[in-house]
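# Sequence first, predicted coordinates after that:
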Protein chains: 2
Amino acid sequence: MKWCRFQSGDGAAYGIIEDDNVIEVSGSPFSSYERTDNVQPLSAVKLLVPVVPPTFYAAGINFREHVEEMAAKRGEEPQFPPAADVGYRANNALVAEGESIVVPGDAHELLQYEGELVVVIGKQCKKVSEAEALDYVFGYTIGNDVSERVWQRGDRTMWRGKNTDTFKPMGPWIVTDGIDPEDCEVRIVLNGQFISKYNMSGAIFGVRHYISRMSQYLTLYPGDVIWMGTDGAPENMKDGDVINIEIDGIGTLSNPVVWEK
Amino acid sequence: MKWCRFQSGDGAAYGIIEDDNVIEVSGSPFSSYERTDNVQPLSAVKLLVPVVPPTFYAAGINFREHVEEMAAKRGEEPQFPPAADVGYRANNALVAEGESIVVPGDAHELLQYEGELVVVIGKQCKKVSEAEALDYVFGYTIGNDVSERVWQRGDRTMWRGKNTDTFKPMGPWIVTDGIDPEDCEVRIVLNGQFISKYNMSGAIFGVRHYISRMSQYLTLYPGDVIWMGTDGAPENMKDGDVINIEIDGIGTLSNPVVWEK
């Protein structure tokens, strides 16, 4: 199934996407829902962020090539993470498919995309094994972990570098079937030009391992998201760019860049 | 006013505390509400975390003495933060007044309290000045930023050290009036013994500065919380301890420690 969240009247509703139509549901796919009679063409609805997570996790540094290339750019030795430690991002920064990445005027030119697979948790879990970890996944979507590298390195935390308003595009929707989260391809397309690709099989720690390890210490709840990190060394984005992240079986997350004066 | 959140039937309700009674409201103090006829003695209700924040901010290192004493314990030179950078904590870790801090069996003995003033945002704000910052505050409550120092230092992020389930007691309620967030006393009482105290006037960056600076880059939303950091060097807690954090004009947040075998 393909689930979206969209503007319905003054509020937000979940919808099921079938044959390029959106069937509005009452309730939520994370608890219980019923299909309604409200069916609209997908092209006619305003998509929203597909879920507002109770907790917004980010695996961060999780690909060898990303660690090596970023270290090389800084002239440092690569340091690989010894364990699957998860970090956090913030809901204020979320924007939906098509919405602008609005960059503050005092940001530096090292403004970069990070295309990522996003795991959406479906069922509450604590202390689950790697073998059963995927049973607790609702589905998958796409995230762009937009990062301002000067702030990321200079601030004591990642609040500006990663969580400035609009720096976390997520969407366009959640796909529940047919995705192998440890073997799927992520592609970066900037202004219509293919830039790079990587496969989730290159992750240092896989989705099963992350969910299992996290759940030894914390409870994952329905709607929680885990952004799985990115590979490679991203390029800079500038005012007027359009950045697309594509994942096979999910679709394309596309957002324009607007740089404030 | 004094606002709480409590168990009402199978769900959660907000309530106004007056004369040791809780008056249940419909709706929410963060949007609109009406008083209902349901009035119960405060002693008869099960208090819940007073708000589940959309985003859970933590000022972190924000007191000179805390920086100095923690550095001295590690045999290092103190490093003061050059700017008011805010970090994040996670909702999974929240527990209410009276609920247990449950420590995983593999935690180390450096398990410590951090008593903190918590700012609760009342109105959406972006790019506000220090002079107007407090106009966007709904009220104040108390937080205990429980920290396992070996994990805090050894992990790449603070996910286990600070955000293990139950490591973030918050409550008992929110007080909207009569608190000066830049001049109020926080006291630590462990097993009925006074341990230490500090005044918020010792903060490196005050509440007005934090709200104003954060809002230059991000939108604060109703219900967001900012934990303001702690002063001094905490002591260890062990199985069976009861840790109380007291703030004048708010009350006492009290939680027992249960160490898993």
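On my side now, so go ahead.
# What segments of the stretch 151-261 of chain A are strands?
A:168-175, A:185-190, A:193-199, A:225-227, A:242-247, A:251-259 (DSSP state E, counting those that start in this stretch).
# Name the stretch among those that sits most buried.
Counting by mean count of other CB atoms under 10 Å in any protein chain shown, strand A:225-227 has the highest mean neighbour count of the strands of the stretch 151-261 of chain A, with a mean of 27. The way it works is simple: take the backbone N, C-alpha and C, and place the C-beta from them, glycine included.
# Packing partners of that one?
Counting contacts by 3 or more CB pairs under 8 Å, 6 or more residues apart in numbering or on different chains; DSSP states H and E, the secondary-structure elements packed against strand A:225-227 are strand A:56-58, strand A:115-121, strand A:137-144, helix A:207-215.
# Could I get these in JSON lines, plus columns for mean pLDDT and distance to A:Trp227?
As requested, those are exported to JSON lines (pLDDT from 0 to 100; distance: least, CB to CB, whole Å):
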{"stretch": "strand A:56-58", "mean pLDDT": "97", "distance to A:Trp227": "4"}
{"stretch": "strand A:115-121", "mean pLDDT": "98", "distance to A:Trp227": "5"}
{"stretch": "strand A:137-144", "mean pLDDT": "98", "distance to A:Trp227": "5"}
{"stretch": "helix A:207-215", "mean pLDDT": "97", "distance to A:Trp227": "10"}
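# and B:Ile204, which of the ones you listed is closest to it?
Of all these, it is strand A:56-58 that lies closest to B:Ile204, at 27.4 Å by CB to CB.
# Please enumerate residues in contact with the closest one?
For strand A:56-58, the surrounding residues in contact (CB atoms under 8 Å, 6 or more residues apart in numbering or on different chains) are A:86-91, A:94, A:145, A:162, A:168, A:214, A:224-227, A:229.
# before we move on, back to that, save the strands of the stretch 151-261 of chain A as CSV, and put in mean pLDDT too.
As requested, the strands of the stretch 151-261 of chain A are exported to CSV (pLDDT from 0 to 100):
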stretch, mean pLDDT
strand A:168-175, 98
strand A:185-190, 98
strand A:193-199, 96
strand A:225-227, 98
strand A:242-247, 98
strand A:251-259, 98
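# mind giving me CSV with these and columns for distance to A:Lys73?
Output for the strands of the stretch 151-261 of chain A, formatted as CSV (distance: least, CB to CB, whole Å):
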stretch, distance to A:Lys73
strand A:168-175, 23
strand A:185-190, 17
strand A:193-199, 15
strand A:225-227, 22
strand A:242-247, 19
strand A:251-259, 21
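# Which one of those lies nearest to B:Ala72?
Distances from B:Ala72 to each of the strands of the stretch 151-261 of chain A were compared by CB to CB, and the smallest falls on strand A:225-227, at 37.5 Å.
# Hmm, A:Glu34 is touching A:Gly27, no?
Yes: checked against CB atoms under 8 Å, the pair A:Glu34 and A:Gly27 is within contact range at 6.4 Å.
# ok, and the most crowded of the contacts of strand A:56-58?
Each of these was scored for neighbours by other CB atoms under 10 Å in any protein chain shown, and A:Val225 scores highest at 30 neighbours.
# show me what contacts it?
The neighbourhood of A:Val225, defined by CB under 8 Å, 6+ apart, consists of A:Val51, A:Pro53, A:Phe56, A:Tyr57, A:Val118, A:Val119, A:Val120, A:Ile121, A:Thr141, A:Gly143, A:Met170.
# between these, which is closest to A:Met70?
If you rank these by distance to A:Met70 using CB to CB, A:Gly143 comes first, at 18.2 Å.
# Distance of that closest one relative to chain B?
In this structure, A:Gly143 lies at 17 Å from chain B, with CB to the nearest CB, to the nearest Å as the measure.
# Okay, and the beta partners of that residue?
With DSSP bridges as the criterion, the beta-bridge partners of A:Gly143 are A:Glu116, A:Met170.
# on that earlier part again, who has more neighbours, A:Glu34 and A:Gly27?
With other CB under 10 Å as the criterion, A:Glu34 and A:Gly27 differ in neighbour count, and A:Gly27 comes out ahead with 12 against 7.
# so who does A:Ser196 touch?
Contact partners of A:Ser196, counting by CB under 8 Å, 6+ apart, are A:Arg187, A:Ile188, A:Gly232.
# mind giving me the domain ranges of chain A?
Annotated domains of chain A cover A:1-48, A:49-259 [automatic domain parsing].
# Report the distance from the last one to the chain centre.
In other words, domain A:49-259. Centroid displacement of domain A:49-259 relative to its chain, using CA atoms, centre = their mean, to the nearest Å, is 5 Å.
# just stretch A:40-56 next, same as before
With CA atoms, centre = their mean as the basis, the mean position of stretch A:40-56 lies at 13 Å from the chain mean.
# What is the end-to-end distance of it?
Its first and final residues considered, stretch A:40-56 spans 30 Å by CA to CA, to the nearest Å.
# Same check on stretch A:217-237?
For stretch A:217-237, the separation between the terminal residues is 37 Å (CA to CA).
# same check, this time on stretch A:115-127
Using CA to CA, the gap from the first to the last residue of stretch A:115-127 comes to 29 Å.
# So A:Met70 is in contact with A:Thr230, correct?
No: counting by CB under 8 Å, no contact exists between A:Met70 and A:Thr230, whose distance comes to 10.1 Å.
# Looking at these two, which one has more neighbours?
A:Thr230 (30 against 18).
# Quick check: chain neighbours aside, which residue is closest to the more buried one?
Counting by CB to CB, 6 or more residues apart in numbering or on different chains, A:Glu114 is the residue found nearest to A:Thr230 once chain neighbours are left out, at 3.9 Å.
# List the contacts of the one you found.
For A:Glu114, the residues meeting the contact criterion (CB under 8 Å, 6+ apart) are A:Asn144, A:Asp145, A:Val146, A:Ser147, A:Gly229, A:Thr230, A:Pro234.
# And A:Ser31, by the same measure?
The contact partners of A:Ser31, taken as CB under 8 Å, 6+ apart, are A:Pro222.
# about what we covered before: quick check: PyMOL command selecting the buried ones in the contacts of A:Val225.
Provided next is the PyMOL selection string for whichever of those are buried by 16 or more other CB atoms under 10 Å in any protein chain shown:
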select buried, chain A and resi 51+53+56+57+118+119+120+121+141+143+170
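# Next, give me the two most distant ones among the contacts of strand A:56-58.
Looking at the contacts of strand A:56-58 by CB to CB, the two members farthest from one another are A:Leu94 and A:Met214, with 20.5 Å of separation.
# Output the lowest mean pLDDT helix or strand found in chain A.
Least confident helix or strand, chain A: helix A:64-74 with a mean of 84, by mean pLDDT, DSSP states H and E.
# For the stretch 51-200 of chain A, which residues are neighbours of chain B?
Proximity of the stretch 51-200 of chain A to chain B, by CB under 8 Å from any CB of the partner chain, involves residues A:52, A:54-55, A:60-61, A:81, A:83, A:85-93, A:104, A:126, A:155-157, A:159-160, A:163-165.
# tally of neighbours for the nearest residue to A:Asp177 once chain neighbours are set aside?
Distance criterion CB to CB, 6+ apart; nearest residue to A:Asp177, sequence neighbours excluded, is A:Met1 at 6.6 Å. Number of residues near A:Met1 (other CB under 10 Å) recorded here: 13.
# What does the pLDDT read for A:Met1?
Taken from the predicted model, the pLDDT recorded for A:Met1 is 97.
# I'd say it and A:Gly178 touch.
No: using CB under 8 Å, A:Met1 and A:Gly178 do not qualify as a contacting pair, with a distance of 10.1 Å.
# A:Ile101 versus A:Lys168, what's the distance?
In this view, A:Lys168 and A:Ile101 are 9 Å apart by CB to CB, to the nearest Å.
# Does the residue of chain A positioned farthest from its centre belong to a helix, a strand or coil?
Relative to the average C-alpha location in chain A, and by CA atoms, centre = their mean, no residue lies farther out than A:Asp37, which sits at 30.6 Å. Reducing the assignment at A:Asp37 to three states with DSSP: H, G, I helix; E, B strand; the rest coil gives strand.
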